[in-house]
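>>> just coords:
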């Protein structure tokens, strides 16, 4: 089985995880990653439930626990920074079964494990795919072309593999009506276990302690047509949306405008009717997601393991492998995606009355759910 080859496009959470498990099952794995380093918002993400068990199986759980942010609660504050309501951020309240870490830390650990048995092509990307019944001929921007038995598109919301094998992005991705921007913060953190969030109608500003590397997050509603590749568009949209805001908004905008190391993108709903086309299959955000909401990192880890197991069961039958994977993982992600609307209303109420109702509802929760 060692002569069976697979290309994984994308060295993020999903791509690194599937590469590790495919290599364990005997496949010759190559990962191509566009960014020479880790490219993401760096925002904290949760690893919980089945994803935690998979992380244990990869041997990275102790490292994840060591890198945990330690955050336990989200506190909503008024313009003066006074607490209005709060909620626990850990679903189980059990540090042994779930952990929150920086997304960059998670990717670094997963990619490090994948690197043990995979070839990594950094700073390159796929430019064309030509498949037949026996394999896929892949051309790269810089690396000489190669033929693979399978190709896994794990290259995110703006997936190149999806565009090449399934069609243009606008066929599968549509705006969720929200945007997110993140930037590092130099504001002193009083409580390393607490995220603070301030709301005005249609906007939220949060400061996350992030295990000693705090950051601001701007999450806001809007129907603007913004090109995610144009950094200045995102910068200007955040500045115009938050101008004159209360609490730490002035400081946050100073940090936002004073650095080139910021992250911005539209919150996007991705829905691909079928996740495979011949010998090409999509994984993670490339296949289906609501970015920012829906437990994307845990879902990506679980989906990657599900795909690797399906391929191991049907090594000579990609059609059956991909069908098994899609059937199983769609059942897993469906309830998570339904919860995205609830999460968006919790974090970014549309109206001032919505903010008041949200706070009142949280304050009425039983004590274990609160701070």
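Looks like it came in fine. Predicted model, so just to flag it, every value in this text is computed and none were measured.
>>> now the one helix or strand residue 324 maps to: how far from the chain's centre is it?
Using DSSP states H and E, residue 324 falls within helix 318-338. From the chain centre to the centre of helix 318-338 is a distance of 18 Å (Cα atoms, centre = their mean, to the nearest Å).
>>> now for it, which elements pack on it?
Secondary-structure packing of helix 318-338 (3 or more Cβ pairs under 8 Å, 6 or more residues apart in numbering; DSSP states H and E): strand 276-277, strand 280-282, strand 288-290, helix 296-313. C-beta coordinates here come from the backbone N, C-alpha and C atoms, glycine included.
>>> In terms of mean pLDDT, which of those ranks lowest?
Taking each of those in turn, the lowest mean pLDDT turns up on strand 288-290, with a mean of 77.
>>> where in the stretch 201-350 of the chain is pLDDT low?
Counting by pLDDT under 70, the ranges of the stretch 201-350 of the chain that qualify are 290-295, 338-339.
>>> hmm, back to that, which of the helices and strands packed on helix 318-338 is buried the deepest?
Each of these was scored by mean neighbour count; the highest is strand 280-282, a mean of 28, by mean count of other Cβ atoms under 10 Å.
>>> Show me what it is packed against.
Where contact means 3+ Cβ pairs under 8 Å, 6+ apart, strand 280-282 is packed against strand 150-153, helix 160-165, helix 318-338.
>>> and it, which strands flank it?
Within its sheet, strand 280-282 is paired with strand 150-153 (parallel), strand 276-277 (antiparallel), according to DSSP bridges.
>>> does residue 138 really touch residue 151, like I thought?
Yes. Applying Cβ atoms under 8 Å, one finds residue 138 in contact with residue 151, separated by 6.5 Å.
>>> Compare these two (neighbour count), which wins?
Between residue 138 and residue 151, counted using other Cβ atoms under 10 Å, residue 151 has the larger neighbour count: 27 against 24.
>>> quick one: the more buried one and residue 283 touch, right?
No. Residue 151 sits out of contact with residue 283 when judged by Cβ under 8 Å, with a separation of 10.6 Å.
>>> what's the closest of the helices and strands packed on helix 318-338 to residue 164?
strand 280-282 (8.3 Å; Cβ to Cβ).
>>> Check the offset of the closest one from the chain's centre.
Using Cα atoms, centre = their mean, the distance from the centre of strand 280-282 to the centre of the chain it belongs to is 18 Å.
>>> Likewise for stretch 178-188?
Computed by Cα atoms, centre = their mean, the separation of stretch 178-188 from the middle of its chain amounts to 16 Å.
>>> Then stretch 203-212?
The answer for stretch 203-212 is 17 Å, by Cα atoms, centre = their mean.
>>> and the end-to-end length of that stretch?
For stretch 203-212, the first and last residues are 25 Å from each other (Cα to Cα, to the nearest Å).
>>> What of stretch 29-45?
The distance separating the two terminal residues of stretch 29-45, taken as Cα to Cα, comes to 26 Å.
>>> still on that earlier bit, C-terminal to the helix holding residue 324, what's the next element?
helix 340-347.
>>> tilt between that next one and helix 318-338?
Between the direction of helix 340-347 and that of helix 318-338, the angle (axes from the mean of the first three to the mean of the last three Cα atoms, to 10 degrees) works out to 30 degrees.
>>> So which elements touch helix 340-347?
Helices and strands touching helix 340-347, as assessed by 3+ Cβ pairs under 8 Å, 6+ apart, comprise strand 173-184, helix 352-363.
>>> Looking at those, which is nearest to residue 85?
Nearest of the helices and strands packed on helix 340-347 to residue 85, taken as Cβ to Cβ: helix 352-363 at 3.9 Å.
>>> tell me which residues in the closest one are buried?
Within helix 352-363, the residues that count as buried by 16 or more other Cβ atoms under 10 Å are 355, 358, 359, 362.
>>> Stretch 52-72 too?
Applying 16+ other Cβ under 10 Å to stretch 52-72 flags 52, 54-55, 58, 60-61, 63-64, 67-69, 71-72 as buried.
>>> rewinding a little: could I get the helices and strands packed on helix 318-338 as a markdown table with distance to residue 24?
Below are these laid out as a markdown table (distance: least, Cβ to Cβ, whole Å):
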| stretch | distance to residue 24 |
| --- | --- |
| strand 276-277 | 22 |
| strand 280-282 | 18 |
| strand 288-290 | 25 |
| helix 296-313 | 8 |
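>>> looking at those, which is closest to residue 23?
Ranking the helices and strands packed on helix 318-338 by distance to residue 23, with Cβ to Cβ as the measure, places helix 296-313 first at 9.1 Å.
>>> how close does residue 332 get to residue 192?
32 Å (Cβ to Cβ, to the nearest Å).
>>> now do residue 323
The separation that residue 323 has from residue 192, given Cβ to Cβ, amounts to 46 Å.
>>> what do you get for residue 127?
In this view, residue 127 and residue 192 are 45 Å apart by Cβ to Cβ.
>>> Residue 114: what's it in contact with?
If a contact means Cβ atoms under 8 Å, 6 or more residues apart in numbering, then residue 114 has 11, 15, 16, 17, 19, 20, 23, 29, 31, 120 as its contacts.
>>> Please repeat the previous calculation with a cut-off of 7 Å.
When contacts are counted by Cβ atoms under 7 Å, 6 or more residues apart in numbering, residue 114 touches 16, 19, 20, 31.
>>> If you count neighbours, what's buried in whichever helix or strand it is part of?
Using DSSP H and E, the element containing residue 114 is helix 103-115. Going by neighbour count (16+ other Cβ under 10 Å), the buried part of helix 103-115 is 103, 104, 105, 106, 107, 108, 109, 110, 111, 113, 114, 115.
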